[in-house]
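> Just need the structure, nothing else, for what follows:
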Amino acid sequence: MRLDAESLSTVEASLDRVSDPLARGVIWSSLWNSVRDAQLSVFRYLDMVERFAPAETDLAILSSILTDAQYAVLHYVPKSLRPNVSAGWLETTWKAVFEAEPESGRQLAWARALSAAAAVNDARADEVRSILDGTCPGPVGLALDPDLRWALWIALSATGHASVSDFDGELSKDSTSAGRTAYVRAAASIPDAETKAAAWASATTDGSLSNDRLDATIAGFRSGTDPSLIEGYAAEYFSSLGKWWSERSIEIARRLVNGLFPAAEDTSAVDSWIQANAEAPASLRRLVLERRDHLARDLRAQASNAVI
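Coordinates of the predicted model:
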């Protein structure tokens with residue numbers, strides 16, 4: 001479903017007046033699909049999120065909006081504009097988490113969105129650290145449970161504002177399986193070449209990693225705001241696909257293929273692999289083709305939004 005120009009203008013002016021949550025959900029879904037298809041400016045979409053999401057009362061709709069908005073910032077905003085847009089999104093989440101009802105699900109949803117936004121923009125790094133160490137009060141009523149604390153530490157790590165000693169301290173408070181997995185991601189998120197090399201090696205060669213630990217390692221490897229730290233692994237990724245598929249379990253190989261697929265300025269590298277590997281297992285080719293489709297969609301959206 002697509003909104004015509006008049007309907008879109010009406011939505012932009014008064015989406016918060018739609019009382020039925022099902023109708024709002026359908027509208028938000030339509031807006032998101034239009035952004036994905038490069039038919040709606042990502043900036044118009046993010047403006048509507050900024051204006052209407054803080055008032056959204058349905059938690060499921062709100063969670064979906066916040067996830068989509070973060071994805072849009074990282075994938076559909078042109079790279080040259082991303083720093084300013086990510087800064088604006090960070091401020092939106094920061095303001096909303098302080099203004100949301102204390103101890104509510106909406107407050108927690110915005111806190112999680114804040115942690116994701118803080119992982120790609122460090123404008124609030126000092127305040128986030130102060131909240132974590134207790135020197136500055138956080139939002140009234142927000143429970144800093146272990147999951148949220150780790151999410152904030154991971155954000156600080158990705159932007160270069162935390163170290164392994166910080167994670168050691170947090171692990172001493174939460175040594176659960178989930179805590180140890182979060183520690184792996186936080187440590188792998190540190191933005192330096194040595195850390196990224198270690199994360200790549202661990203993900204691609206350590207056969208003892210559980211599914212969760214592998215996902216955490218890959219997420220840490222992919223995190224950060226400096227793409228140059230991991231761009232050099234693209235050639236190794238494509239040369240390793242066949243080996244991963246033949247030597248690792250299907251589930252582990254699938255996570256490696258999807259999780260480590262390199263971001264790029266064009267599809268030439270993946271197109272070359274597809275052309276040269278016509279006899280590769282069909283299930284492997286399908287995964288690579290799907291990742292190519294996601295990359296092509298990102299590039300189309302970025303090109304479209306660069307001229308709007």
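> would you list every one of the helices in the stretch 51-200 of the chain?
For the stretch 51-200 of the chain, the helices defined by DSSP state H, counting those that start in this stretch cover 59-75, 82-99, 105-118, 125-133, 146-158, 164-173, 177-188, 193-205.
> Make CSV from those and add distance to M1, mean pLDDT and mean neighbour count to it.
Just so you know, the C-beta spots here come from the backbone N, C-alpha and C atoms, and that holds for glycine as well. Below are the helices of the stretch 51-200 of the chain laid out as CSV (distance: least, C-beta to C-beta, whole Å; pLDDT from 0 to 100; neighbours: other C-beta atoms under 10 Å):
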stretch, distance to M1, mean pLDDT, mean neighbour count
helix 59-75, 16, 98, 19
helix 82-99, 26, 97, 19
helix 105-118, 25, 98, 23
helix 125-133, 39, 96, 16
helix 146-158, 34, 98, 22
helix 164-173, 45, 97, 14
helix 177-188, 37, 98, 20
helix 193-205, 40, 98, 17
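> In a markdown table, list the ones you listed along with distance to V18.
Formatted as a markdown table, those follow (distance: least, C-beta to C-beta, whole Å):
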| stretch | distance to V18 |
| --- | --- |
| helix 59-75 | 11 |
| helix 82-99 | 20 |
| helix 105-118 | 18 |
| helix 125-133 | 34 |
| helix 146-158 | 31 |
| helix 164-173 | 42 |
| helix 177-188 | 38 |
| helix 193-205 | 44 |
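> how about these, which one is nearest D215?
Across these, D215 has its closest neighbour in helix 177-188 (8.3 Å, C-beta to C-beta).
> what does that closest one rub up against?
Contact with helix 177-188 is made by 146-147, 150-151, 153-154, 157, 162, 164, 167, 170-171, 173-174, 195-196, 198-199, 202, 212-213, 216-217, 219-221, 223, as judged by C-beta atoms under 8 Å, 6 or more residues apart in numbering.
> That one relative to helix 193-205, how many degrees between them?
Counting by axes from the mean of the first three to the mean of the last three C-alpha atoms, to 10 degrees, helix 177-188 points 130 degrees away from the direction of helix 193-205.
> Restrict helix 177-188 to CA atoms and write it as CSV.
What follows is helix 177-188, C-alpha atoms only, in CSV (Å, rounded to 0.1, in the frame of the first residue of the first chain):
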residue,chain,number,x,y,z
SER,A,177,25.8,-16.4,30.3
ALA,A,178,24.1,-13.3,28.8
GLY,A,179,26.6,-11.0,30.6
ARG,A,180,29.6,-13.0,29.3
THR,A,181,28.2,-12.9,25.8
ALA,A,182,27.7,-9.1,26.1
TYR,A,183,31.3,-8.8,27.3
VAL,A,184,32.4,-10.5,24.1
ARG,A,185,30.5,-8.0,22.0
ALA,A,186,31.7,-5.0,24.0
ALA,A,187,35.3,-6.1,23.7
ALA,A,188,35.0,-6.7,20.0
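> For it, what is the distance to the chain centroid?
Its chain's C-alpha centre and that of helix 177-188 lie 17 Å apart, by C-alpha atoms, centre = their mean, to the nearest Å.
> repeat for stretch 223-234
Counting by C-alpha atoms, centre = their mean, stretch 223-234 is centred 15 Å from the centre of its parent chain.
> go on, stretch 170-177?
Computed by C-alpha atoms, centre = their mean, the separation of stretch 170-177 from the middle of its chain amounts to 24 Å.
> Any idea how far apart the tips of it sit?
13 Å (C-alpha to C-alpha, to the nearest Å).
> in which helix or strand would I find P262?
For P262, there is no host helix or strand (DSSP states H and E).
> residues in contact with it?
Going by C-beta under 8 Å, 6+ apart, P262 touches I230, E231, Y233, A234, Y237, A269.
> next one: V120
Contacts for V120 (C-beta under 8 Å, 6+ apart) come out as V73, L74, S86, A158, T159, T225.
> Looking at I308 now. What's its pLDDT?
On pLDDT, I308 comes in at 57.
> Stretch 37-49 - what's its average pLDDT?
When pLDDT is averaged along stretch 37-49, the result is 97.
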